[in-house]
Structure formats: C-alpha cells, structure tokens
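A.B. asks: with the sequence up front, the predicted model follows.
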Amino acid sequence: MKKIKKVLIANRGVPAVRIMNTCRDKRIKTVAIYSTPDRLAYHVFLADEAVHIGEAPPQESYLNMEKIIKTALEKGCDAIHPGWGFLAENPDFAEMVEEAGLIWVGPPAKVIRLMGDKIKSKKIAQRANVPTIPALLKVNTVEDILKWMEEEEVEFPIMIKAAAGGGGKGMVRVDNEESLPLLLEKAKSEAKKAFGDDRVFVEKYIQKGRHIEVQICGDKYGKIVHLYERECTIQRRNQKILEEAPSPSINDDLRQEICFTAVRLMREIGYYSAGTVEFLFDPQTKKFYFLEVNTRLQVEHGITELVTGLDIVSLMFDIAEGTPIPFSQEDIFPNRHAIEVRINAEDPKTFNPSFGTITRLEIPQGPGIRVSSGVYEGAEVPPYYDSLIMLVMAAGADRNEAIRVMDRALSRGLRVEGIKTTAPLLLSIIRHPKFIEGNYSTRFIDEHYQELLAMFKEKTPDDEVLKIAQYIAEISALGPQSWM
Amino acid sequence: MGYIFVKPGMSPKEIVQKVRELPGVCLVSVGMRDAGQSDYKNRLRMYDLKTLAPYYNEMGLFAAECHGGARWHVGIMNRRESPFEEIEILRELMPNVLLQTLIRETNMWGYRPYPKNIIEYVVERVDIDVWRCFSFLNDVRNMRTVAEVVMKRGKLFEPAISYTVAPWFDTKYYLKVVDEIIDLCGGTDEIILCIKDMAGVGTVTSVTELIDAIKQKYPELVINYHRHITDGLAMPVLLAAAKAGAKILDVEEDTLVRFYGHPPILAVEALLKEHGIPVNLNRQAAEKAVEKVREWIRDYEWSESPFKGFDHMVTRHKMPGGAFPSSFEQAEKGGFLHYMPYILQVMSLYNQIVKYFDVTPGSQITWVTCSGIVNRYAKEGGEEGVKHVIKLLKKFVEEKNQNFDAMEPEEQEELLQLFRHAPGDFKNLILGHYGRLPVGWPDEWVYKSTFGDEWEEKIKERKEDSPLESIPDEDLSALRKQLEDELGRPATEEEFILYLMHPKDAIDYIRFREKYGDAPLVLPTKVWREGLKKPGDKVEFEYEGKPYCIELVSIGSETDGFIHVVLRVNNKTRVFEVRTPRAKKEEVKKATKPNEIGAPISGTVWRIGNPKRGTLKVGDIVHKGEEIANLESMKMENPIVAPFDAQIVEICVKLNQRVEEGQLLFVLQPIEDAKMKEPEVEIESMPH
C-alpha cells in the first residue's frame, strides 16, 4: 500500500485551499499549481511548494494535463487531487495520472467516463431499478419527440439535455410545440460547441422540482456508505448557490429510501472515493428521480461534514491510499442542521461577474460558522475563472438555528470591499418567509426576484462612513472645490 | 418658558390672535436663511446653524426663517443639503419654534413660473408653519394657489408686498396691493402681512406713512416689517415701523450682521426698549445664540462679499440684499467684478425704464440684462464704451425724462439696439409671462429695441393673465418617471420635489449624496471645505449613534491623474483613490464651421427643441429663427435659434448637459432652396 506523502492539487481558489487544509492535518505535503494571474493567489501561499503552470486561459494552465502530470512527477508527488471543476471529471486525465504511476484521488476512470455520458448513466440507473425521469434517449428529429410525448402522455414543458452535459449545463426547457424545432437545433449546436458532442435526450419536465443529492463514500473493497443527503434546490441559472443538510422537503422514510437507492446505484457501478448521486424530487407525487452522478468532491460537501463530523477530503485520501473505510453505516449520526451559501464575485442583481481587487475582507466568525475561502484581503479576483470566492457555512441544532447563524454571518460578519458579491442576495434568500418555511423550488429566485432585490439592505453605517471618508480624501487631496 | 407665545400646531387664527395680544413687538430671526443669503452666499451650513436651535427654542421668537428663497437651490447645489433634512433637524432641536419659508408665488423656490398642479403638489408636502409669499411684480393673482393650499392645510399664510421707494410706487399703490391681498385671503384674522423691504430703502417717513395708512384701513391686520440694512439707516426705520404699529420685525444675530443682511437682534431689542416698546425676547438665550455664532462664523469668511461696507447708493440701484452675494459671485466668475460699480449705475437707470421689484426672479432679470449691456459695451469699447452707454441712459432718463423722440436720431438708433441681446427671461417678463408689471408695461421703444421688426406682433402676444391661468398642468407621473429613469431606481417624494424645482441640480445633488453619503451633515465646516490638511489631523463625529474618527495618514503625489489618500477610519488604515481634474478632462468639441452651432455662453442645456414642436431629433427640418435649444445660465434662459433653414445632422449634447462657451451643440445642413420664412424668434418660455 503506497502512502501519500506529497500531493499535487490540480486546482485553484476555494477547492485548492480546502484540500490543503486537510493535507496539513494529515501532514501531506502540497504542491500548488498556478497560472500567471494567480501568481499571488491564496492557494499559492498556503501550499508547501508552488509551480507556475501556464498562462491565464485554463487550457494552458489548470486544464493542461501533460504539464500538470509532468510537474507532479518532477516535484516527487505521490498523488494528484483534482478538487472540483477543471479536470475533476475528466476520465482521460484520471487514466493519465494512473498511467504515470501517480495515485488519482478520486473514483475509477471508467466510472467517471460512464457517468459522464448522461444517456448511458440513465440506462445504468434504470438497470439498477433506480427511478428515472421519463425520457426519450434517442432523439433525431422533432417528430421523434412528438411521437414519444404522445405515447408516453407527456406534456409540455419538456427538457432537452446534452448527453455530455451535467452540473446544470447543456439544458434547454421547451414550453410549447411551436418553439420545439428551433430549441432542439439550439440545444444540439450548443452541446456540440460546449462538449464536442451533439447527442441530446429529452425528459419530462418536473414542475416545482427539488434538487436532493446523496453523499456517498466507497472504498476500494466494495464497502459503500452514504453520509445522508443535501438539499440544493436554490439555484440561479441552474447553478446552486445555497445548500442545506438535511433536506427540509423529505421525511425519514423517504430519506432512508433515497439514500439506499443511491448506495445501490453506486454499488452497481463499482464506485469508490467520494461521490454524489443527484435526484430530482417531485413534492406533489413524493417521487424522486435519478438525475446524475457527480464523480468528484462537491462544492457543498462541507455541510455534510458539519452534520456528520467527518472529513470527506481526508476520507478520499485514505481511500485513494487503499485504506478501508473504518466505520460502517450505523456509525453515522447526523445530529445538526447546516446551510452553505456560495459567495460569488458577481453583481447580486444581474449576476454579472465582478472582478478586481478585494480591498477589504472581513470573515465571519463566532459560534456555528465555518468559512472556506479562496481569497484574502488584497487578493485579485481574475476574470478567467469561476467566480466562487468563498463558502460560508452555518450549523445549528435545527434548521431555524442554522438560519439565524447564517444571518449573523452574512449581516454582521462578512464584509467584502472592492468587488461585488452575491452576499446581499443570499441574505435576502435566507430571510425570505418562503425559504424559512422550507417551501421552495428550483425556480425560487426567479419567482421571488423582485422581492429579494427589495430586501437588499441599501445602507449600513460602515458603508456610509466610507462614503464620508471618500469625500474627505477627495477634498484633502484637491482642496476647496469650485462647486462649493 | 414665559416667552414662548406661539408654537407649531396652533391654528393661524390663534397665532394671529397671540401676536395681536402681545404688548409690544416680537421678532423673526432670519439667521438661518436670509442672513446667510445676504452676506454669505447662502453657504451657512445646517451643521453650524443647528447649534443655534436650542437657543431659538427658548428665545420667544415669532418664527425662524430657515427655508426657501435661494437657500433651497444653493442647498442642493453648493452645500449639498436638502431642505427636507434641514426641516427635520430643526423640528427635532427646536420644537417650540414656528418654521418659516420664503416662497416666490408661482416661481416657488425656482426661477420660472410653475403650473398650478406642481405648486399644489409641492406646497402640500413641505412641513412649514409660516409661508411668507411674495410676488416680484406685486401681482397678487399669482399668490392664489399657494395661499389656498397653505390655508387649507391650516398653516399660516404671510403674504408680502414687495416694497421699494420710487415716485411711482406711492402709498396709494401699496394700499391697493394690500386690498388685493386682504381680498384674496378673506380678511385679516388668519394672515400676517409682510412689508418686504428687500433692498433696505424705506425711510422713517415713507415706512411710517405706509404702516399708518394700512393700520388706518385695516386696524386688526398684523404687520411684519422686513428690511435689509445696506443703506446704513435700518435701525431708525425699524423703530419707526414699530412705533407706527408693526408687530413683528425681522432681525438676525448681531454676530452674523455684515452689510447686506438684517438688523442685529440684541441692538434692536435695546433700541425699542429704550423707546418704551416692549420686545418679546428672552434676551439671555438670544445673547447665547449671538455668542454661539462666533464659534463658527469665521469658517465662512471665504463666502463673504468682496465689496464690504454700507452703501447708501442702494436707494438708487435697489439691488436687494439677498442678491448681492450671488451677483458678486457671478461677476467674479465671469471676470467682470471691476465693472460692478457701472452695472449698479446701469441698474439704477434701467429700473426707471422697466418698472418692477428687484427681487427674485426680477433681480436676476435685472442683473443679467444690465450686466449683459455693460459687458457688451465693454467688449466693444472698453471702459470708455461702458461710460458712453451710462451717459446715454442718463441723458435719456434724467435729462429727457424718457422722451424717446427728444433723443438725437443716432442715440435713438443706439437705444433701439439696447435690449436686442436681452436674455429670454427679460423678453418673457415684458410679454407678461410672469404676470402684469406693477405700474404698466414699458414704452414701445423697449419692445422695438428687444424684438426689432416684430415688436408689434409681440405686443399683441403680450399676456394680461396670471401665469396661473395660462400655464397648463404638467404630467407629474411622467416627470416622476423621467427622474426615476435617470436615477435607475424609485425616487423618494422628497427627491421628486427637489427635481420639480431644479431638475438638473437635483440629480447632481442626489448623485452626490449617493456617492458621499451624509458628509454634508456630519463634517465640520473646515473639513467640509478644506479636508484634512496634515498627517495626524482628524475629524471625529457620531453617526447613527456610534462614534467615528477619520484621520489623515498621507496624501500621495499625483500619478496619471490619480492621487492616493491614506486615511485611518476608526483605526483601520484604508487607501482612497482620488481622481484629479486632469483625469476627468474630456475633450470638448467646439463649433468652428458656419453650419455648426455653438453655445453662446456657458450653461446648461435644459431644453432641446422648443415648446411648440417639442424636442428635436436628427433629420428634423428647422427654420431660420426657430428656437432649437435653450441654455440656462446664471438662472436665466438663453434661446439658441437656427441661423438659417436647415436639416439637423447631429445633436452633440444631451438634455441637462452642462456646456461651455463655444461648445458644439448642433451640426446643421443648410436647405438651399427652402422658401425663406420671416425669421421667427420663439420665445415662449414655459417650464418643461
């Protein structure tokens, strides 16, 4: 059994920093890679060593597989952890890593490949008796779709999804027959452009659906446990921005059923490492449907860690080394409620990216708060990558307490100056009565957008005093002004 | 509390009764408004003025004039304070004191007549107890809407007669105005009459005679005498007014008194007492207020008028105290401060040719017209040219008694050009757009001089109605939408009212406050004006109940148009980036070719197009003489007219853009074979 003493982390920002924290706990040495604009990034400081990997475009840096592997070998690493995003779900890269004699901290490459094809993964799910959304998997023409709809008694709206998509990307909603031909073409050409694969499939659209996913851990000896579920229904543009565990939309019976269904599926495909099975839950019929498997560490894994007390990244390293999972399903007792929000460098009203220097950063603290940051005060947020700069998590004995802690974290603790962030929107969400009731769907933000905007607190005394200071700065520098 | 005899919340009737019952006189302190307007260009900030409020609260004043006049406009434009904030602050600090505004009938707190629905909308929403309202034409008809709304709200209406001393404004004339006022207000029980001697020219004899006459006709009418001190003779006249029966006198803190404002409160009290007239004043509190002023008044030395000292010649040129500082300011900015004495001489002749009262907006019309004449002669003939026109006017007015035919033909020619370049508002004035002139329209030659060949037509257009009758209501929701589109967010009621009065300056103000927050309210005047000077200098203040301290660490040197300033804000070091004017400088395109229309003066493009056809766009055909835009400069309108029949190729400015002299406004394409119409100067000027 090869021990991991040194790992290359093929990522940046929040995931790289998160993994390095556990590496430090485990006394695993870390090698960071960085692109030119990331030269002074937080993950570079935190690593034991850092290597310049290329220019800003991801293709030349964080997606440059050969160079990353070469660097890992040169630096004497035993393993590569891909984090999330970038190369995390690239089976070719996983194979290359292993072929180079390095340990891949993740699931087997063939599982990644299999689950990456959304049509194949759906078929496997059906084989494993996992419920799937009624779908037409072979789509050539508009007529195919209409015929299928008639036979299966499916009505509009329907979803067209890219076979190679996933993670909320490559999805088109079709509301009526008139727009179908155009949208089918659009979906195909977009899939071609984004994934190099124009295969699409069609699904029934689940109204008011909720996103529930199950965290899985499996070792290389066939042992698979679940770490319970997370609710990820609050999304904007099909991207999650707030997650919580446990899900407020299901009861214990459903919880058991959905978790064991996930384990069954993962066992069927021979999964090991950490991974997630995503479901869409229809609150009207209380039915849940398989969506996809995320063959990697997920952004929102932290709330599962908060409710279970486990370190999933640590488990990934142990599993990768070949250590058996040292506990069994019965040992896992989630005993808290946790919420996570994603602080993105974005305008909270328009979601347009907001790049620049973080001139001031105050990080929330106090009981029940966990922060996973990818930046520091003075850091630059470059325009080339994901806009996630920080995860703020809050835990409490129950959901209400967790919401209160999160409110404190966002309204009294967090302060980011120099760039705009999604924080005001997130604060509005957790203060919204429908959210507090637990009554929401994936369309929550769209449905309540104006109310949420209206809840933005426009003024805080601190901000107001900075305006006054700006005035003093200008007059001190320029002297009395003619307009006075 | 023995001195407090009137309070907010009392009905007008009750207030009037309380004043009647007073054994002697009571006082209005104008320290928070007209004092600052007369000697400090309206720059006295609420930060300082509010330190007087606790004393005012105990002084037993009739009212504190703290609102209106030009304080409104200068507040948003220069001090960046809103009149609404000021009211709110004062209400809290001096709940015993009636707050008084000064409103210019249909012109309100702006400079143009507003339609009835705007007047109603605004007057209904401003929290003021005493509404002193004047007409610069003494056209009482123009006061009707303000009077109605104020009286309906149960607030005290205080109509003012604009007062000056001139042969044609005799006691009989003023009595007629008072009759009209009493008629408008339905008696004497719910109003107070103000005699507004805004230049400070009333004499012991003239004021005694007027008040006597009024009191004989209306013995129950409460009279408030308001007088500036520019002629140096205010004190005896104030005493005479009190003896004649004026119950209320306007004063200001002794330490605020300079040369163009009002008599000193402590001195007035002493003088009246010596003459056996009781004064309702808590002298101790008044003394403290007077002392308090000393703590901050030196921070305003920069805003005082460059010409100091009394000036008895005010009885000739009649420039009101309130107009002095802004006139000096404009003369200084325009680089013609040295011509001030000549301008005042021209004014003293002009006001005999076109007779009205030199108070806003009349004073601006007089000022821009007369300074325009002087500047034009100065440009052509230097100081000699200026002396020449004064000689000409003197001969015409003083020797020939304004008999146009008695002048030599070439002098007649010259007079016929005198008003050819007069500002749009002068034209509006003599065409009756503000109301009737107090003692009749000017002579025909003035119209010939102003309008050239079209003079007869123009006289036919002249309006005899009050603007209240002739100005159509405006679409308030459309105006509100305009503002909200500009701001990109919903506007508050108060922001909307600011916008109704001064559209462009209100937006500037709102933007300023969005950027700099409450800096105008919390910073001491020295820091407000000069910032922090050397490292270690700091300013401490409370904001929303918590202490703050801002300390200067360093000011960097300029690089690429930016200066970095390091401040410690509550002990945390922060770097602020300051754009210098160099960084801001954008190239201004000038009009150079004959088909390019430039701005004749620096100002603000407040209208593109004209009221008749609305706004203009590229491709529109315009005719020679048609107004295609209008600039506001120094509070005056300046129409830009098409020099020939043309098609608009390009409009190079946006609405409400500030432009400098010569800046390119339009590119026109002449229409060669277009039928030449008679040149038409479009001067109908109603607010947009």
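C.D. replies: The structure has been received and is ready for your questions. These numbers were taken from a predicted model, which means no experiment stands behind them.
A.B. asks: check contacts around the residue in the stretch 201-350 of chain B that chain A sits nearest to.
C.D. replies: When you check the stretch 201-350 of chain B against chain A by CB to the nearest CB, the closest residue turns out to be B:Trp302, at 7.5 Å. (Each C-beta comes from the backbone N, C-alpha and C, glycine too.) Contacts for B:Trp302 were tallied using CB atoms under 8 Å, 6 or more residues apart in numbering or on different chains; they are A:480, B:529.
A.B. asks: give me the number of residues near the closest residue to chain B within the stretch 201-350 of chain A?
C.D. replies: When scored by CB to the nearest CB, the stretch 201-350 of chain A has A:Lys349 as its residue closest to chain B, at 10.8 Å. The local packing count at A:Lys349 equals 14, with neighbours defined by other CB atoms under 10 Å in any protein chain shown.
A.B. asks: let me see the backbone angles for the residue lying closest to it once chain neighbours are set aside.
C.D. replies: Spatially, and ignoring its direct neighbours in sequence, A:Lys349 is nearest to A:Leu453 (6.1 Å; CB to CB, 6 or more residues apart in numbering or on different chains). Recorded main-chain torsions at A:Leu453 are phi -60, psi -40, according to degrees, to the nearest 10.
A.B. asks: was I right to think A:Leu453 contacts A:Ile429?
C.D. replies: No: distance between A:Leu453 and A:Ile429: 11.3 Å, which falls outside the contact criterion (CB atoms under 8 Å).
A.B. asks: now do the longest strand seen in chain A: distance to the chain's middle.
C.D. replies: Once chain A is assigned using DSSP state E, the strand that runs over the most residues is strand A:224-236. Taking the mean C-alpha point of strand A:224-236 and that of its whole chain, the gap between them comes to 11 Å (CA atoms, centre = their mean, to the nearest Å).
A.B. asks: over to stretch B:534-552?
C.D. replies: Relative to its chain's centre, stretch B:534-552 lies at 35 Å (CA atoms, centre = their mean).
A.B. asks: and that stretch, what's buried?
C.D. replies: Neighbour counts over stretch B:534-552 (16 or more other CB atoms under 10 Å in any protein chain shown) mark B:539, B:541, B:543, B:548, B:550-552 as buried.
A.B. asks: stretch B:412-426 now?
C.D. replies: Under the neighbour-count criterion of 16+ other CB under 10 Å, stretch B:412-426 has B:412, B:414-416, B:418-419, B:422-426 buried.
A.B. asks: swap in stretch A:291-309?
C.D. replies: Using 16+ other CB under 10 Å as the burial criterion, the residues of stretch A:291-309 that qualify are A:291-308.
A.B. asks: coming back round to it: strands paired with the longest strand of chain A, and their directions?
C.D. replies: For strand A:224-236, sheet partners with direction are given as strand A:210-218 (antiparallel), strand A:239-245 (antiparallel), following DSSP bridges.
A.B. asks: with only the CA atoms kept, save the first one in CSV.
C.D. replies: What follows is strand A:210-218 as a C-alpha-only set of coordinates in CSV (Å, rounded to 0.1, in the frame of the first residue of the first chain):
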residue,chain,number,x,y,z
ARG,A,210,-36.4,20.0,-5.8
HIS,A,211,-32.8,19.0,-6.0
ILE,A,212,-31.7,16.4,-3.5
GLU,A,213,-28.4,14.6,-3.6
VAL,A,214,-26.8,11.9,-1.5
GLN,A,215,-23.2,11.9,-0.4
ILE,A,216,-21.6,8.6,-0.9
CYS,A,217,-18.2,7.2,0.2
GLY,A,218,-16.9,3.9,-1.0
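A.B. asks: chain B contacts on chain A?
C.D. replies: Along chain A, the residues adjacent to chain B under the rule CB under 8 Å from any CB of the partner chain are A:359-360, A:461, A:463-480, A:483-484.
A.B. asks: I'd like to know which elements the host helix or strand of A:Ala262 is packed against.
C.D. replies: A:Ala262 is part of helix A:252-269, with elements assigned from DSSP states H and E. Packed against helix A:252-269 by the contact rule (3 or more CB pairs under 8 Å, 6 or more residues apart in numbering or on different chains; DSSP states H and E) you find helix A:109-116, helix A:118-127, strand A:210-218, strand A:224-236, strand A:273-282, strand A:287-294.
A.B. asks: turn those into JSON lines, columns for mean pLDDT.
C.D. replies: Conversion of the helices and strands packed on helix A:252-269 to JSON lines gives the following (pLDDT from 0 to 100):
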{"stretch": "helix A:109-116", "mean pLDDT": "95"}
{"stretch": "helix A:118-127", "mean pLDDT": "92"}
{"stretch": "strand A:210-218", "mean pLDDT": "96"}
{"stretch": "strand A:224-236", "mean pLDDT": "95"}
{"stretch": "strand A:273-282", "mean pLDDT": "96"}
{"stretch": "strand A:287-294", "mean pLDDT": "95"}
